[in-house]
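[1] what's the 3D shape of this:
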Amino acid sequence: MPHSLFGLRVENLSSDLGVGTGSGRGALDRGPVEILYEKLPTYVGNPLFQTETHRVFEDHSTYDLPQFPGFRLRATGDSIQLEEGPEGFAGRLDFFLLFLVVGLAGTHLHRGNLCLHGNALTDGESALAILGPREAGKSTQSRCLFERGYGFVCDDLCAIDFSGEKAQIHSGVPFMKLWHQSLAFFPSLAGSDYAKLFDSDKHLIPIEPKRFRQGCHPLRKLYTLDTSPNITAPTIRELSGMEKLTALAEHLYKLDLHLLLPHFPWVLKKLTRLANGVAIAAVERPGDAEFDWSVAELIDRDFREG
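    I've put the predicted structure just below:
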C-alpha cells in the first residue's frame, strides 16, 4: 500500500519506511515527484546561500551532515535524490526519516510552499498546528492532544500550500519524536522499546494507521508555545497584526527569513497571506513549569470553541 508523505504518495517504501530501494512516484500540488536512491555527483556551483548543513541554489538544494559522511541528498521541485552512505539506511530509521523530511522540505521550497517548524493534528474537519523552538514541548503537547482523540497529521515539518482558496497542510511521515522523560506521562507508551533519534534521548514513536490522517487538511489555527515568568498558569493570547507575521517568521523550518528573502521573495508574501487568513495565538506558560496536561486541555478547548 502506498504511503503519503507531505502529500507525496510513495509506492516503493516498505511498511516500516526503512528499506525502500529504486524509485517512487507521487504527487504534491505541482504534479509528480520522484524519490531516487543513488550516489550523488560532487556538489558544484555557487549557491545562493549556505549554512553548515544546507547549500541552496535557485533550482535545487543539497543537504549533508559532516558527522555522518556519505549520507547526502539533493532536492528539486520534482525529485529527491538520497545517497545512503556506505551501509545504506538498513537499520537506521532515524537517518532515513531525517533525510527524507529535509528532502521534502527542499521540494516544497522549490515549489513555492511554506515550511514551518511544528506539529499538526486534526479534529476531522480542520487542522491545528503547534509551533515552537527546539525543546519547547511541541511533540509532547501534540501527543497530549492525540491522546484526547485528535488525528495525527505531521511532526516537525508543517508543509503549507495555497493551491486552494485557503491554506492547507500536508500529512507527514507517521512518526512522532518524544524525549525520553516525556514517555512517562503517557501510559499508552509504557513498556515499549522505541528507536532513538541518532544518539540522543529522543525516541521515534510510530503512529498506528487508523490514527494517521493522510492527505491535505484545511489549516484553521496556529499556536506558538511561549514561556513567561510573570504568569502562574497557562493562558492563551490571540495575536494580531504584525505579531502574527513575526510569530510565523520565527518558526520557519531550518532556514531563517533573512537568508531566504533576498532570493525567494514569495516567502514573505505567503507568510503575510497565512497571517491574514489563519488565527494565531500564543500559548504562554510559567517559565519554570514542568509537564502539565492543562496546556493541551487549554488548546483543545480553544480550538473546539473557536
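
[2] Pull up the distance across stretch 178-188, start to finish.
    Terminal residues of stretch 178-188 lie 13 Å apart, using Cα to Cα, to the nearest Å.

[3] Need the pLDDT of residue 12.
    If you check residue 12, the pLDDT there is 39.

[4] go on, the one 4 residues further on?
    Looking at residue 16, its pLDDT stands at 31.

[5] Also residue 134?
    The model reports residue 134 with a pLDDT of 82.

[6] Could you give the number of residues near it?
    Residue 134: 6 surrounding residues under other Cβ atoms under 10 Å. Bear in mind the C-beta positions are built from the backbone N, C-alpha and C, glycine included.

[7] Is it part of a helix or strand, or is it coil?
    coil (DSSP: H, G, I helix; E, B strand; the rest coil).

[8] didn't residue 108 look like it was pressed against residue 159?
    Yes. Counting by Cβ atoms under 8 Å, residue 108 touches residue 159, with 4.9 Å between them.

[9] A strand includes residue 99, no?
    No. Assessed with three-state DSSP, residue 99 is helix; it does not lie in a strand.

[10] Any figure for the gap between it and residue 70?
    Using Cβ to Cβ, to the nearest Å, one gets 11 Å for the distance from residue 99 to residue 70.

[11] For residue 297, see how far away residue 186 is.
    In this view, residue 186 and residue 297 are 15 Å apart by Cβ to Cβ.

[12] actually residue 108, sorry about that
    Look at residue 108 and residue 297: by Cβ to Cβ, they are 32 Å apart.

[13] more crowded one of those two?
    residue 108 (26 against 14).

[14] so what's residue 281 up against?
    Counting by Cβ atoms under 8 Å, 6 or more residues apart in numbering, residue 281 makes contact with 221-224, 236-239, 302.

[15] swap in residue 189?
    By Cβ under 8 Å, 6+ apart, the residues touching residue 189 are 178, 183, 205.

[16] Please, which helix or strand holds the first one?
    Put plainly, it is residue 178. strand 175-179 (DSSP states H and E).

[17] Let me know the average pLDDT across that strand.
    Mean per-residue pLDDT for strand 175-179: 91.

[18] so how far is that strand from its chain's centroid?
    With Cα atoms, centre = their mean, to the nearest Å as the basis, strand 175-179 stands 12 Å off its chain's centre.

[19] now residue 41: how far from residue 246?
    Applying Cβ to Cβ, the value for residue 41 to residue 246 is 40 Å.

[20] which one is residue 268 nearest to, not counting chain neighbours?
    In space, residue 268 comes closest to residue 261 once its chain neighbours are excluded; the distance is 6.0 Å by Cβ to Cβ, 6 or more residues apart in numbering.

[21] outside of stretch 231-246, which residues touch it?
    Contacts for stretch 231-246 (Cβ under 8 Å, 6+ apart): 223-224, 247, 271-272, 275, 279-286, 289, 292, 294-295, 298-299, 302.

[22] Now with 10 Å, please.
    Residues from elsewhere that reach stretch 231-246, judged by Cβ atoms under 10 Å, 6 or more residues apart in numbering: 221-226, 228, 247-248, 268, 271-272, 274-276, 278-287, 289, 292, 294-299, 301-303, 306.
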